[in-house]
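Chemist: model the following, please.
(2 chains)
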Amino acid sequence: MKNATPAATRTRLRHLLPLFTGQKQAFVLGFLLLAATNASAAAIPYMMKLATEALMHQEGLTRHILTLLALAVANAFFRIQSRTRIFGMGRDVEFALRQRYHAQLLTLDAPFFDQEKTGDLAARAAADVSAVRMFVGPGFLQISNVLMAYVATLPVMVGLDPLLTLYALAPIPLVLGLSRLLTRRMYRLSRVVADRFGHLSGFIQESIAGIAAIHAHAREADWNARFTAETNELSQAAIRHARMQSLFGPMVLLAGASGGFIILAYGGQEVASGRLTMGDFVAFSGYLAMLIWPTVGFGWILTVMQRGLAALDRISMVLDAQPFLPPAIAAAPAAPQRWNGAIAIRNLSFAFRPDRPVLQEITLDIPPGALIGLAGRIGSGKSALLQLLARLYPAPPDTLFIDGREISTLPEAELRRELTMVPQESFLFSAPLLRNLQLDRPGADQEAVQEAIRLAAFDDEVRHFPKGLETLIGERGITLSGGQRQRAALARALVGAPTILLLDDVFSHVDARTEERILHNLRAAHRLRTVVMVCHRIAALKQADRIYLLDQGRIVASGTHETLLADSPLYRDLNTTMSRAEALEALAQ
Amino acid sequence: MMPAVQADTEETRYGAFLDARLMMRFLGYARPHRRWIALAMLLPPLSALSQVAQPMVIQLAVDRHLVTGNLDGFYGLLAALAALVIFQFISGYFQSMINAMLGQRVISDLRQELFAHLLTLDAAFYAKNPSGSLTNRVANDAEAISQMVSAGLINLFADLLLLIAIAIGMVALSPRLSLVVLVLMPLVILVAFQVTRRMRTIQRQGTLLQARMTARLTEESEGRDVMRLFHQQQTAMARFDQLNRDHRANADKSNFLEALQFSFVEAASTGVVAVLFWYGATLMSEGTLTIGILTAFIDAVRRLFFPIRDLAGKFTTMQSAMSALERVFTLIDTPPAIADPPAASALTPREPPQGAIRFAGVQFGYGAETVLSGIDLTIAPGERIAVVGPTGAGKSTLIKLLNRTCEPQQGVITIDGVPVNRMPLARLRRLAGVARQETVLFSGTIAENIGLFDPAISRARIEWAARETGALDFIQSLPDGLESRLGERGNNLSAGQRQLLGMTRIFALDPPILVLDEATSSVDAVSERLIQAALERLMTGRTAVIIAHRLSTIRHVDRIVVLAKGRIVEIGTHAELLERHGLFATLHALQFQEEKTEPVTTH
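Modeler: Residues are numbered from 1 along each chain as shown, chains lettered A, B, ... in the order given. Below is the predicted model of the structure:
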């Protein structure tokens, strides 16, 4: 909140303000309920006083008792109502903001994610969105309370004795300042404690993971010493935090007591000299007591709001990011007719980062129905080419055409129906296998899934899974081997019956014979026309209709396996390396 | 796709509010700190006294000076008030600090015991217990117990004492009014505790829903390519929104219960006071009660509600601490299956070590499944042995038996004539240095990983070891050389580099016996040559037992042991075994053919 001009603050709040517009009435109602809560709470001690007096005079007691009971119930009612409503508003904002944040993440694409850590993005949806909520619910509550407390008491106090008011309120700025200081430190130190705790957990986890090495080399004694050092660090951080926390409560009491002291020291003399009545003196002490807690709460809430603003800034960074795909293309309806599967690339150059070209002047034509291999060393640009074909990254204008249409103009829904890619890393969701293969796609019925599993040569193994297709995959379920994951990912792609299929080195954990079977199946697959595959196995490349050999982002040769072996020294070199790797693989079997 | 919210898991289940057996055992850990505890118990009454004294001083000032207008002695009272205020501040601070410090000290002791115990447990234990839950024991469970100490255990006793004191005072004031309170109070307490309990359940569900949203977001971000390639945004939105809505609804319940908890005790205390007024009026009309006693009694009742509200808040802290204690003690009570021999029967290994190894009639199995049987093998000092055989033959188990990672069911294993199970474990494991297939790396620098954080291994020795294996070349190419920090589990190193580091570690530790499980993973040609050279140097002057996967290794050993189905089927030199045309010859033809015909190429 430092150096914030109103306009700058408005800009910072631009994602928050729209969420409030429909809530004006709720705010007013919340404020009124809060006022009623405070009024009924203040009336209870007064009623007790009246009841005591009634008891002494032996009359009207029943009426007072009933009023007291009614007040107690009313206070409870108002308190519950005001708190649930005001906190509810905060929850509404939290809900809406989280929903927007998530929706935005879904529209953002690979270039954005490359710059962010997954953990950070998830943390923002949790911690940062909650921090913004605190801004709204508790923030509103505390500010209303402090406002009410001062509005109710200050005029009366000034009316009684302006000078005494000034003296009695002297500790208030100190209370506010200390409250701000301590809460800020407490938050900072609590982060340190959380950090240290994370370190300790990490150390324990790592030690358990490496217990074999610790045992094998008899390192237990030193490990215990390291653990002690870690726990000491945590303890020290916790104690530093406790120091601030331990100051907080006594500080509040001290503030209240010192106000009382001032009232007695100065007001006492006034009473003694007759300039102030006894009743005024007592009232002053009472009013001061009413101001202390809201003031402390105000200091706390300023800190919370500061954190909320910082959190909002982090969320805004995501909300303001732009995907490369225009919303019109993302939302456009898919044309019903299926594709032919012809790919044309014209003079395509591409870089993930401006200073590092990944692809340079690629030009090639892939006829419908072809099986194309992409070969080359690691980092030669093979995967990048597939990622551009799959529109995970934007291809420069006028470079990439499918069936004669420029890729950037194809409606998202149509592109994803007709073309798919199996990425290098076979990512599966922690969900049942069937759900992983079907996803939410039209026409992905059990039959299509069974057929896809067969094509991916995965059917034998699935049959042996504990619950077949309903077997849970991932952390809570069974762990699939690398080869099984790759075939599951391939089957998932085939369930949608695409026209064009891009494979990014998806047979690396599949043995040679299975790979051959899969390639054979793919050739015979219904619907599937064009396959472009990156692969590191000679056997697979031999089957390709044409192989493009890439080196440092350029196509340096093309042809069939035989012609390349004859013509390209680089391909011959690759052939030797790959053959050797395949032999080693066979050895491990 | 998602199972319904399950709030009740092993980690979150609550125990009893107070379990005497667990508590007594836990108090054992508090004993060394009993002076601090005594101080912590002493401070609350003192600070309460200073709080009570303040209005009394003010009252005195009002009566003696303000009303009379005589200010003689007024400043003395002011000074007394100031002293009380300052004392209250100081005692409040120390009270809270001592609690926090006690929480930290007691838990540090317990944590260290727990961790040290964990290190003594054997491989079989680790195979059964997931690492996540073990980490939770030492980290989170210990934290829950620490919470109990710092946030309340002592205050809880103080609260209970206060309750008792107030109750005694009330009975002394008026037994009949006390009866009213005795009837009403349990009702209030019961409801307050119920609301608190319900609230915690709801809050836990909220935490779980939050965790589930985070998990979904993480999964969506990690699988973003899949999300996009298969156009799954709509579904993802619907699923997440459902969770978000559930979370929102849950928050409403939680808000309501929180407000209810606070308001109920307030309203109940006013209600009880109202009843006392009414009943008190009846008693007064009978002449058995004075107005003074009634006001004093009402004051006492209002004080009674503070500790009760406090207790309700402590309820769940105590419950989760109790179940944490239960789990922690269970772990501490798990005896290690493989431990040092009792001091009386312990033997020290021969000095200086020769490195003679003997397996005599060794048998080992998991349950009904026999892994090794009838193993008789004598290895001379300085001899180099390769163990080969098909997968599952029991090769790795042989190594595990040698350094007592497993215990044989039958037979004896000796080093220099001393049975391995009679030696202190640390001595044995320093004698036989085992390098496993996968080099375990810890977060830290390369140097720390080579010396395994042993302060006794000098920097010069680490550098020497790295030079011996040839690992120093790639280490020096890293930005900080030996001081370079490894990424998570060394994921920034290649497979070959990791193997080299594992071998460098053995050089640095310098055990008289080398036990090595060769990695099967293929490495680039340069690393391959380095690894072979390092291995040869490592074997020099040591007894070596190597599970071999490479032809060159097999060529450089004195004898080869062929294992099949848990038995030694062939034993002899390379040439002898090839001539025998047995299993070794077959394996040899099958596995090493490629390596023979393909010359190793360099890039």
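
Chemist: quick one, domains of the chain?
Modeler: Using chain A. As assigned by automatic domain parsing, chain A contains the domains A:1-155+A:298-325, A:162-275, A:340-588.

Chemist: my bad, the chain I had in mind was chain B
Modeler: B:20-173, B:175-288, B:355-596.

Chemist: quick one: the second one to chain centroid distance?
Modeler: It stands for domain B:175-288. Domain B:175-288 sits 30 Å away from the centroid of its parent chain (C-alpha atoms, centre = their mean, to the nearest Å).

Chemist: correct me, but A:A456 touches A:I518?
Modeler: Yes. Using C-beta atoms under 8 Å, A:A456 is in contact with A:I518, at 6.2 Å. All C-beta spots, glycine's among them, are computed from the backbone N, C-alpha and C.

Chemist: what's whichever helix or strand B:Q54 is part of packed up against?
Modeler: Using DSSP states H and E, B:Q54 falls within helix B:34-61. Helices and strands touching helix B:34-61, by 3 or more C-beta pairs under 8 Å, 6 or more residues apart in numbering or on different chains; DSSP states H and E, are helix A:220-262, helix B:74-120, helix B:154-173.

Chemist: what is the second one packed up against?
Modeler: With contacts defined as 3+ C-beta pairs under 8 Å, 6+ apart, helix B:74-120 has these neighbours: helix A:171-209, helix A:220-262, helix A:268-272, helix B:20-30, helix B:34-61, helix B:142-148, helix B:154-173, helix B:291-332.

Chemist: low-scoring stretches of the chain, by residue?
Modeler: This is for chain A. Chain A contains residues with pLDDT under 70 at A:1-9, A:475-477, A:577, A:579-589.

Chemist: wrong chain, I was asking about chain B
Modeler: B:1-17, B:152, B:391-392, B:487-492, B:520-526, B:551, B:587, B:589-603.

Chemist: which helix runs longest in it?
Modeler: helix B:233-286 (DSSP state H).

Chemist: picking that back up, out of the domains of chain A, which is closest to B:L398?
Modeler: Proximity to B:L398 (C-beta to C-beta) singles out domain A:162-275 among these, at 14.5 Å.

Chemist: do me a favour and get the end-to-end distance for that closest one?
Modeler: Distance between the two ends of domain A:162-275: 13 Å, counting by C-alpha to C-alpha, to the nearest Å.

Chemist: near chain A at all, the longest helix of chain B?
Modeler: Yes. Using C-beta under 8 Å from any C-beta of the partner chain, helix B:233-286 reaches chain A at B:233-237, B:240-241, B:244-245, B:247-248, B:251-252, B:255-256, B:258-260, B:262-264, B:266-267, B:270-271, B:273-274, B:277-278, B:280-281, B:284-285.

Chemist: just the helices and strands packed on helix B:74-120: most buried one?
Modeler: Across these, the average number of neighbours (mean count of other C-beta atoms under 10 Å in any protein chain shown) peaks for helix B:142-148, which reaches a mean of 22.

Chemist: touching that helix from outside, list them.
Modeler: Contact with helix B:142-148 is made by A:197, B:26, B:103-104, B:106-107, B:110-111, B:114, B:317-318, B:320-321, B:324-325, B:328, as judged by C-beta atoms under 8 Å, 6 or more residues apart in numbering or on different chains.

Chemist: go with 10 Å
Modeler: A:197, A:200-201, A:231, A:234-235, A:238, B:23, B:26, B:29, B:100, B:102-108, B:110-112, B:114-115, B:136, B:153, B:156, B:314, B:317-325, B:327-328 (C-beta atoms under 10 Å, 6 or more residues apart in numbering or on different chains).

Chemist: in PDB, could you pull the C-alpha coordinates for it?
Modeler: Only the C-alpha atoms of helix B:142-148 are listed here, as PDB (Å, rounded to 0.1, in the frame of the first residue of the first chain):
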ATOM      1  CA  ALA B 142       6.200 -34.100  16.100                       C
ATOM      2  CA  GLU B 143       4.900 -30.600  15.200                       C
ATOM      3  CA  ALA B 144       1.500 -31.500  16.400                       C
ATOM      4  CA  ILE B 145       2.900 -32.600  19.800                       C
ATOM      5  CA  SER B 146       5.000 -29.400  19.900                       C
ATOM      6  CA  GLN B 147       1.800 -27.400  19.300                       C
ATOM      7  CA  MET B 148       0.200 -29.200  22.300                       C
END
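
Chemist: any idea how far it is from the chain center?
Modeler: Counting by C-alpha atoms, centre = their mean, helix B:142-148 comes out at 12 Å from the chain centroid.

Chemist: I'd like the domains of chain A as CSV, with distance to chain B appended.
Modeler: Shown next, in CSV, are the domains of chain A (distance: least, C-beta to the nearest C-beta, whole Å):
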stretch, distance to chain B
domain A:1-155+A:298-325, 4
domain A:162-275, 3
domain A:340-588, 4
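
Chemist: now stretch A:455-464: buried residues?
Modeler: By 16 or more other C-beta atoms under 10 Å in any protein chain shown, the buried positions in stretch A:455-464 come out as A:455-458, A:462.

Chemist: strands paired with the helix or strand hosting B:G411, and their directions?
Modeler: Here B:G411, judged by DSSP H and E, is contained in strand B:410-415. According to DSSP bridges, strand B:410-415 has the following sheet partners: strand B:357-366 (antiparallel), strand B:418-419 (antiparallel).
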